[in-house]
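**Student:** sequence first, then the predicted structure, then my questions.
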Amino acid sequence: MKKLSPKPPAHKTVPKDLREAVSVSSGAKATWKLVTPLARSEWICWVTSGAKAETRVKRIRVAIDKLEHGERRPCCWAGCPHR
């Protein structure tokens, strides 16, 4: 049986606005350090996939809140389409 190798995360660079928002929240920063590279990639994709600037700002705010509460992945989202 052939072993499947996992695909690497599609998004490795954290956008500046998301990186800054995570850095000022100790709770979000703590969770961010604990999550896997794949989970980080999904957060990045979810935040950046909105079509409008307002959506991105809202998603960053929601992401920080969820990370502060220990949530490891964006909820109710089909996942990164770039994988």
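**Tutor:** Received, thanks. The structure displayed is predicted, hence computed values, not measured ones.
**Student:** show me which parts of the lowest-mean-pLDDT helix or strand in the chain are buried, residue by residue.
**Tutor:** The helix or strand of the chain with the poorest confidence is helix 37-48; it has a mean of 93 (mean pLDDT, DSSP states H and E). Across helix 37-48, burial judged by 16 or more other Cβ atoms under 10 Å covers Leu38, Ala39, Arg40, Ser41, Glu42, Trp43, Ile44, Cys45, Trp46, Val47, Thr48. Placement of C-beta: from N, CA and C, glycine included.
**Student:** let me know the closest of those residues to Arg61.
**Tutor:** Val47 (10.0 Å; Cβ to Cβ).
**Student:** you'd agree the closest one is up against Arg59?
**Tutor:** Yes - in terms of Cβ atoms under 8 Å, Val47 counts as a neighbour of Arg59; the distance is 4.7 Å.
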